[in-house]
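*Asks:* okay, sequence plus prediction incoming.
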Amino acid sequence: MKRKQNNKGFTLIEATMAMVLLAIAAAGILLPFANAASIQAEGARQTMAANLASELLEKIVATPYSQIHTIYGSSYSESEGGLKDAANQTHTGSAYLGFSRSAVCQSAAVGSVNLIAVTVTVYYENREMTCVTTLVGDHE
């Protein structure tokens, strides 16, 4: 009498092949999400850098014209962990980690008008993120 074989279920090779195919499909689906997360983080850093540059630029512009060179000199910098806000308080919080900024103030003349050219540069982990330049006139 012949025994009837029980062919219910998968063999080990079939199960392994199914897992490999599922892993390849999952990697293909999840890879764009990982790339999108890194692009989103870079965008957030760019926005933070623009805000930090604007903040320092506004702080310099609000300084009396005669004191800009005295306070900021020809080269001013704030290192990582030492960024100051408008009230001269150090920025705290993890959002500011890795950022540093510098400002260069140079005398400039347009015709007979004396101005100061102010350039603010913001860095993230020593990589330039943004650079903003403006001219400041005597507004006293």
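*Replies:* Okay, I see it.
*Asks:* can you give the distance from stretch 125-140 to the centre of its chain?
*Replies:* 17 Å (Cα atoms, centre = their mean, to the nearest Å).
*Asks:* typo on my end, stretch 92-103
*Replies:* That offset, for stretch 92-103, works out to 9 Å (Cα atoms, centre = their mean).
*Asks:* C-alpha coordinates for that stretch, PDB please?
*Replies:* Extracted in PDB, the C-alpha atoms of stretch 92-103 (Å, rounded to 0.1, in the frame of the first residue of the first chain):
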ATOM      1  CA  THR A  92      20.400  77.300  23.800                       C
ATOM      2  CA  GLY A  93      18.700  74.200  22.500                       C
ATOM      3  CA  SER A  94      19.600  71.400  20.200                       C
ATOM      4  CA  ALA A  95      18.400  73.300  17.100                       C
ATOM      5  CA  TYR A  96      21.400  75.600  17.300                       C
ATOM      6  CA  LEU A  97      24.000  72.800  17.600                       C
ATOM      7  CA  GLY A  98      26.600  72.800  14.800                       C
ATOM      8  CA  PHE A  99      25.900  76.400  13.700                       C
ATOM      9  CA  SER A 100      28.400  79.200  13.800                       C
ATOM     10  CA  ARG A 101      28.400  82.600  12.100                       C
ATOM     11  CA  SER A 102      30.700  85.500  11.200                       C
ATOM     12  CA  ALA A 103      30.300  89.000  10.000                       C
END
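*Asks:* got the CA positions of stretch 40-50 in CSV?
*Replies:* Output of stretch 40-50 as CSV, limited to C-alpha atoms (Å, rounded to 0.1, in the frame of the first residue of the first chain):
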residue,chain,number,x,y,z
GLN,A,40,14.0,67.5,4.8
ALA,A,41,16.7,67.8,7.5
GLU,A,42,18.9,69.8,5.0
GLY,A,43,16.0,72.1,4.3
ALA,A,44,15.5,72.7,8.0
ARG,A,45,19.2,73.6,8.4
GLN,A,46,19.0,76.0,5.5
THR,A,47,16.0,77.7,7.1
MET,A,48,17.7,77.9,10.4
ALA,A,49,20.9,79.4,8.8
ALA,A,50,18.8,82.0,6.9
